[in-house]
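[1] let's see this in three dimensions:
(chains A, B and C)
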Amino acid sequence: MADQDNFFERVYEVVRQIPVGRVTSYGSIGKFLGAARSARMVGWAMNSAVNFEDIPAHRVVNRNGILTGKHHFKGTNLMQQLLESESVVVHNDQVQDFDNVFWDPMKELQRDS
DNA sequence: CGTTTGACTAGTT
DNA sequence: AAACTAGCCAAAC
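    Predicted coordinates:
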């Protein structure tokens, strides 16, 4: 069933599918949803997603691999802590080896047919 | 219902 | 190279 009733839920669906040890960017998610120019909306969705424990928002970073929204988390450095706990190397609020841990929904999920 | 904002991104100065 | 501007779009006020 189409759980995608709202833009937010669509984002949640994608973020939920982010594998452990991988991160993605707002733009990529938005692009996958068909709203590449709505990268901010993805962030907005995440703002609400913080209320959802099922949404690993910490796996979503900006295009630079920087933990832009770390300040929005419960803990100041919680975002980094979570990423590090998932085998993601983070240093100075920035994801190291970003290209290696970057998870592209369009490439990994690929809208099948 | 009009204005502001906001976890972005790409382009320009 | 760093800072600023603009575009984007939907939710919150």
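
[2] from here on, contacts and neighbour counts on C-alpha atoms
    OK.

[3] and A:Gln80, what pLDDT?
    At A:Gln80, the model reports a pLDDT of 92.

[4] quick one, phi psi at it?
    With angles defined as degrees, to the nearest 10, A:Gln80 sits at phi -70, psi -40.

[5] which non-adjacent residue is nearest it?
    Nearest residue to A:Gln80, sequence neighbours excluded (Cα to Cα, 6 or more residues apart in numbering): A:Val90, at 6.2 Å.

[6] what's around the one you found, how many residues?
    21 (other Cα atoms under 10 Å).

[7] ok, it touching A:Phe98?
    No - using Cα atoms under 8 Å as the test, A:Val90 is too far from A:Phe98 to be in contact (9.1 Å).

[8] A:Asn100 and A:Ser48: what is the separation?
    28 Å (Cα to Cα, to the nearest Å).

[9] where along chain A do the helices fall?
    For chain A, applying DSSP state H gives helices covering A:7-16, A:26-33, A:39-49, A:78-85, A:98-101, A:105-108.
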